[in-house]
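A.B. asks: Fold the following and give me the result.
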Amino acid sequence: MLNPHLSLSSEVRTALQENRPVVALESTIIAHGMPYPKNVETALLVEKTVRDAGATPATCAIIGGKLMAGLSIAEIEILGKEGSNIPKASRRDLAYLLSQGKHGATTVASTMIVAHLAGIRIFATGGIGGVHRGATITMDISADLQELAQTPVAVVSAGAKSILDLGLTLEYLETMGVPVVGYRCEEFPAFYTRRSGFGVDFRLDSASEIANLLKTKWELGLRGGVLIANPVPEEYQLDANWMEKTIAEALAEADQQGIRGKAITPFLLAKIEKLTGGRSLQTNIELVLNNARLGAEIAVAFCLKQQA
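C.D. replies: Numbering: from 1, shown residues only. Model prediction:
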């Protein structure tokens, strides 16, 4: 029985009823990740990429106090135009926003929750949140990591955002028992770049192999998800040394302005975009499309294995 707080678009509902592949997509990237109208254009292009690869896109958000899996173009426009006026919604925010009848842009954590309620197993995003630099003092750790530990949804991403402490992020995932799978790579990607200096747990080279791992994990009754690390295409990656200097400059400015909590990631991404002359935004778009394509391929393979 469908959760009373959840609404599915007719396209998503039909696909799930017919056991066809569906890929969840987040909406923070629309409201907080890019300027309008680029955010709406990108959201629609990501959905098209999923469809072209044989799956149904389910962009998730909170609209008028309702969890949504599958948005209309008009609803995507609302998120794009309202932008930062739309609250970022993670696990802790859901009950409040729904009870108050408000809108919300879903993060990785809350998109996983919506996907799980809907029965969607595969979710494609840009990069996950993680342990922030300086977290040994601030304790700033994204709820995305805990969600990966407890919610059975596979997340395809270009690693974790390189503004984070990637080593501690991977340590946290290891402690919580979350497998980190490298798609055709043995090194954990760092969002804007293909290399981080940190390894993945396992390398798998096909969507079918990944789908088989997911099926096996969940058949064993092991809780939680899997992080599938899909490096940004080589032609779109940015120089690692240059990006580290750029990130350090953005972090220093955030510290000077006292920016913390939910505001930190949107601030840093916008600052990095400015410092890179827009190149980071283009890389962000390309890696999201790349993840959407792989997510759809995995969803197709997972459906075939479920039906076998």
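
A.B. asks: How about the contacts made by the residue positioned nearest the centre of the chain?
C.D. replies: What sits nearest the mean C-alpha location of the chain, by CA atoms, centre = their mean, is Thr125, with 2.9 Å. The contact partners of Thr125, taken as CB atoms under 8 Å, 6 or more residues apart in numbering, are 25-26, 29, 108, 111, 155-157, 288, 291. Backbone N, C-alpha and C define where each C-beta goes, glycine included.

A.B. asks: cool, Ile120 as well?
C.D. replies: By CB under 8 Å, 6+ apart, the residues touching Ile120 are 16, 22-24, 58, 69, 153.

A.B. asks: Where does pLDDT dip in the stretch 51-200 of the chain?
C.D. replies: Of all residues in the stretch 51-200 of the chain, none has pLDDT under 70.

A.B. asks: can you pull out the strands in it?
C.D. replies: Along the stretch 51-200 of the chain, counting by DSSP state E, counting those that start in this stretch, strands occupy 56-63, 66-69, 88-89, 105-106, 122-124, 154-157, 180-183.

A.B. asks: Nearest to Lys215, out of these?
C.D. replies: The closest of the strands of the stretch 51-200 of the chain to Lys215 is strand 154-157. By CB to CB, the value is 10.5 Å.

A.B. asks: chain center to that closest one, what's the gap?
C.D. replies: Distance, stretch centre to chain centre, for strand 154-157: 7 Å (CA atoms, centre = their mean, to the nearest Å).

A.B. asks: repeat for stretch 183-203
C.D. replies: Offset of stretch 183-203 from its chain centre (CA atoms, centre = their mean): 16 Å.

A.B. asks: Let the chain start at 604 from now.
C.D. replies: Taking 604 as the first residue, the last one we looked at is stretch 786-806.

A.B. asks: Show the end-to-end separation of that stretch, please.
C.D. replies: Stretch 786-806 has an end-to-end distance of 6 Å (CA to CA, to the nearest Å).

A.B. asks: Quick one: residues in contact with it.
C.D. replies: Identification of contacts with stretch 786-806 by CB under 8 Å, 6+ apart yields 729-730, 759, 761-765, 769-770, 773, 777, 782-785, 807-808, 813, 816, 831-835, 837, 840-843, 846, 883, 886-887, 890, 897.
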